[in-house]
Every structure is written in structure tokens, then in C-alpha cells.
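Enquirer: Attaching a predicted model along with its sequence, questions to come.
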Amino acid sequence: MPHDALTKTSWPLFGSLASYSLPGDLMAGLTLAAIAIPEQMATARLGGFAPQIGFFAFMAGSLGFALLGGNRFLSCGADSTITPIFAGGLAALAATGSPEYQGLAIALALMVGAMLLAGGAFRLGGIANLLSVPVMVGFLAGISVHIIVSQLPGVLGVEAPSGPTLDRIGVLAGELGRTNPYTLCIGFGVLAVVFASEKVSTKIPGALIGLAGATLAVVGLGLESKGVNVVGTVPGTLPRPTLPELAPELWVRLVPLAFVITVVVMVQTAATTRSFPSDPDKPADVDRDFLGAGAGSVLAGLCSAFPVNASPPRTGIVAETGGQSQLAGLAAAAIVLALLAFGTGLLRHVPDAALGGILLFVALRIIRAKQIVTIYRQSFSEFLLIVATAALIIVLPIQQGASLGIVLSLLHGIWSTTRARLVEFERVPGTTIWWPAHPHITGERIAGVAVIGLQAPLSFLNAPGFRNDVTKVLSTSAPRLLVLEASGMVEIDFTAAQILLDVFKLCHEQNVTVALARLESVRAQDAFERFKLFEALPKEHVFHSVDEAVRKLAHTGSRQSDSTG
């Protein structure tokens, strides 16, 4: 392999340096920084951290992804999807904002980074499919409620209540009469500016504009004396490598939370890189991007920050503003670094309500209303899955709700598999094609022949039902030839193989010839060999098509047309 090709494949950052477009990357980096600065401050405050910790996370995520990630546009940093989850989990172990809380966040970032690096190294991209679309939609809706409830006190200018989410909603409802009009105007004013800016163009840094306007209003009108809380002094410190000093049992207690965060990061990273592919003609390399996100979280932990995640909106900004490589993300990180080093004084009078307004916008944006309506209209059962997932996230402690959301997604997949039932096939008149029987399609059957199939992997989940359905076909149709159309059986596990052996034995006892057609899956073919199914079903009874099986094994002159529709 040529040296330059090797460089681009193995080290994406060096590949970017070899083929960058400096003007485009710098312009994209400037726009990205303008959007990221207020967003990262707000996300840090959402998690209970000082604003500069959000900057540390953004710089670490940008550098880590540039080093190991594959996508040219992806922006990695503090993210409002995962922050409420790990903040809730950490708050159960230590007081928010305490040194112990900070140490746990650092440890969590290192653990999440290690899990992501392992997932990328072992090419475990399939984990990104653990959350189905309805579960992910419900998950985001529940997270949105958590963000709104956590930010409303700052926007209303009232004391933040504690306790379960539903209790906090009730308390806030009772506090509406004590709303500070100045914080309310700032919060909803910033929200309106961000909404209007995005409607005009996603390239407009509405959050930065709103934040600057709110800050000028606080200074010019002396609003601090009227109950408007501000960020205050932001230390101009740069990130320094550090490791947490935690008891071993605390590391162990962080493992479930780290796993939940890792799954969510994998899902969002995969969705982001597929939505903004580096090369539309090639499939997205999600495993490589897991490495980038993992490196970002490890660096974030070393920089005293928290886990990072891919950001679809920021990635879209890079792609839309002319970014050609990860140099755009590095340029944005350099601007943030310069702000930390020389400009933190500019952040002193930023009102908390303005950061709350930005997060309210984020919360409303992640609710996928159109998708919820579409799912409601097309699949009511999956709409109920959205409702159930959102309810789990809202009612339970958020870490438990997120964990149960993953379990719910898995149960949904299992339930879908168990619903797979045996399908009977009929011949399309005038052809050699055998097609699943349908009440609105006229098909032909052959006397003494039953053609059946299962349009799903055959596993312990559905194999018992498959055996019952085959038994019913044998008793009601009394065929002399049973053809198993196996194109849908992409996988066969041990339990299913034993049940297939029982089916073959039952057919033998009833003098029914069994044939196998269209065993196309390589894994299913391997299962037939590995589980010795061919000892019960001779290989000469295995055919490339149903028509070939029927022609060679059915009794001559036994054809009978039967209109079914």
C-alpha cells in the first residue's frame, strides 16, 4: 500500500492534513466554535459542573476524534443527551458539584472511553442497534422532559426543587406566581432568538447571539441587583492531566452506568456518522468512529471532564459550512482554548437564565414530534413503546429508566422474533415461482405437496411455535411431500436444530418425504453441518428452488389447481 494511502487509512488526522481545504475548514471551525461555546457551557451546567469543564470536554472530544475517528465532519464533545443520565447516576453516589462528584465523573469518562475503544477494536458496531427507533424516540422524549424540568427554575428565577421528576414538576407549578420577570424574559428571549436563527439558517450562531445580548442586558441594566443570577468568575485555567482517587467499590458501582452511557454514545455516534457520511459511496465505518469517541472520552477524563458524545447538530454545521476534515473541529477547539486562556472575563456576567434558554431549545429540538406522529399512524403498538420508554425515563431515576429502556428495546426485538409464524407457499400461475399465500393473490397448489417456510431466524424463541405449526399442517393437509423453503432462515441455533430433527423424525414416521429449498444463508448452511441435520435429511433432498424440489420428489400427475383468492 502506498505511504499516503496508509497514512489516511490508519491515522485520519494525518490524512486530513494531507488533503485539507484550509479556508473551508477555518470557516467551519469558526462557525462551530460560535455554536459550541454557549452550548458547551450550558451542557456543563446541566451536569452540575463549572462552565470551563464543558470547554475541556469539547477540546478533548475534538482532539480524540481527530486522532482516531474516521468521519471527516463529526463533532464530539459535551452532549445534552447523555449528560442528564450520568448526572443523575453520579448524584446518587456523591453531592453534585463536590470534589467526589468530579472524581466520579472523571472515572466514568475513562470507563466509557475504554468501553468505546474496546467496542471499536473488536468491531462491535452491532451494539448500536440495541435501541430500536421507537425506543430511541421515547428515550429522547424522556430526556427532554428532564432537561426542561432541570432548567425551568433558572429561567423562572425560583429555587430548584429536589426529588423525583414528577414531584419537581408539581413544586414548580406551585412556584409560578413567584417568577422573576427579568429571568423569564432572558430565558425565553434567548430561546426565541435561537429558534428564529435556526429557522433562517442553521449556520447563524443564534445561541451565541442570544447569550451576548443577554449578557449586555445584564450589565447595561444592572439586572444582577434585581435577582438575575450570573455565571460569575470562570477560572482561566487550562486542562491538566489528572486521575481520580476512588475506592475500588466505587469503580465497580460505576460499571452499569458506564455501560448505559456507552450504548447511548454508540447509538448516537452511529446515527450521526450515517447521517453525514465522509464518502456517500462507501458504508459508514461506525467501528472506527467508536474509536474516535472513545479516545475523546479518555482524554476528557484525563482533562478532569466527563464523557463526550457525537453531536448531530454540530456535525451538520461542519458539513454545511464547508468543512472538509477534522481540522474544522481542531480549529474550533483552538478558539475555545484561546477563550479559556485570555477571554474568560467575558463570561463573568453571562446570566444562568440564558444558558437555561439554550438548553430549553435543545430539549425541544430532540423531541422528534414528526416521527412520533408517523409511528402513531403506522404502528400503534410501537407508539405505545415510545410512551412506555418516555414514562420510564421520566418517572424513575434517570439511570434506572435508561437501563430499563435498553431492556425494553431488547424485549421488543425478542417479541418481534417470537411473532414469526409458519408461512405456506403457493405457485404463481404459469410460472415456476412459489410465493407466500395471500388472500388477495390467486395461487396454485399441488395435491400431496405442502410448501412451508419461516421468514425469520429459527431460534429457541420461535422454534416451538414452528414445530406446532408444522404438526398442524401435517394433520390437516396430510401431504406426501413437505418442502421447507428456507430463504428466510438466516440463522439456526442449537434448540431450533433439535426441533428440526424432531420435525424430520415426525415426517419419517408419517411417511412424508421432506425436502429443503433455498437454504441460502451461509450461517444456516453451517448450522445444518454443525448440528448434523444432514444425517436426518439427505443432501440429495436439498435443492436450489422449490420448483426443482417439487419436480423431482412429488408424485407425477398429482397436480391440482386451487384458487385461494
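Expert: Perfect, thanks for sending it.
Enquirer: Longest helix of the protein, counting residues only.
Expert: Ranked by residue count, the top helix of the chain under DSSP state H comes out as helix 248-275.
Enquirer: which parts of that helix are buried?
Expert: Buried residues in helix 248-275, defined by neighbour count with 16 or more other Cβ atoms under 10 Å: 251, 254, 257-258, 260-273. Using the backbone N, CA and C atoms, a C-beta is placed for each residue, glycine as well.
Enquirer: and what of stretch 311-318?
Expert: Neighbour counts using 16+ other Cβ under 10 Å place 311-312, 314-318 of stretch 311-318 among the buried residues.
Enquirer: And stretch 192-211, by the same measure?
Expert: Neighbour-count burial for stretch 192-211 [16+ other Cβ under 10 Å]: 193-195, 197-198, 202-211.
Enquirer: can you list the weak-confidence ranges in this structure?
Expert: 1-21, 555-565 (pLDDT under 70).
Enquirer: Can you show me the strands along it?
Expert: 76-77, 309-310, 422-427, 434-436, 445-446, 449-454, 481-485, 513-517, 542-543, 559-560 (DSSP state E).
Enquirer: follow-up on the earlier one: mark which of the buried residues of stretch 311-318 are part of helices, please.
Expert: Going by DSSP H, the helices hold 312, 314-318 from those.
Enquirer: Need these in CSV (columns: distance to residue 363).
Expert: Output for these, formatted as CSV (distance: Cβ to Cβ, whole Å):
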residue, distance to residue 363
312, 15
314, 17
315, 19
316, 18
317, 19
318, 23
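Enquirer: what's the closest of those to residue 139?
Expert: Closest approach to residue 139 among these (Cβ to Cβ): residue 312, at 14.6 Å.
Enquirer: for that closest one, what are its contacts?
Expert: Applying Cβ atoms under 8 Å, 6 or more residues apart in numbering, we find residue 312 in contact with 268, 271-272, 275-276.
Enquirer: rewinding a little: quick one, which of the strands of the chain is packed in tightest?
Expert: Compared across the strands of the chain, strand 76-77 shows the largest average neighbour count, a mean of 33 (mean count of other Cβ atoms under 10 Å).
Enquirer: now for it, which elements pack on it?
Expert: Applying 3 or more Cβ pairs under 8 Å, 6 or more residues apart in numbering; DSSP states H and E, one finds that strand 76-77 contacts helix 51-68, helix 286-302, strand 309-310.
Enquirer: Just give me the neighbour total for residue 411.
Expert: Neighbour count of residue 411, defined by other Cβ atoms under 10 Å: 13.
Enquirer: Once you drop chain neighbours, what's closest to residue 358?
Expert: residue 42 (4.5 Å; Cβ to Cβ, 6 or more residues apart in numbering).
Enquirer: Now render the strands of the chain as CSV, adding distance to residue 496.
Expert: As requested, the strands of the chain are arranged in CSV below (distance: least, Cβ to Cβ, whole Å):
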stretch, distance to residue 496
strand 76-77, 42
strand 309-310, 38
strand 422-427, 13
strand 434-436, 20
strand 445-446, 27
strand 449-454, 9
strand 481-485, 12
strand 513-517, 14
strand 542-543, 17
strand 559-560, 32
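Enquirer: out of those strands, which comes closest to residue 26?
Expert: Nearest of the strands of the chain (Cβ to Cβ): strand 76-77, 18.7 Å.
Enquirer: Roughly how far does residue 551 sit from residue 432?
Expert: Using Cβ to Cβ, to the nearest Å, residue 551 is found at 9 Å from residue 432.
Enquirer: ditto for residue 391
Expert: For residue 391 relative to residue 432 (Cβ to Cβ), the value is 52 Å.
Enquirer: the more surrounded of the two?
Expert: Neighbours per residue (other Cβ under 10 Å) separate residue 391 from residue 432, with residue 391 holding more: 15 against 12.
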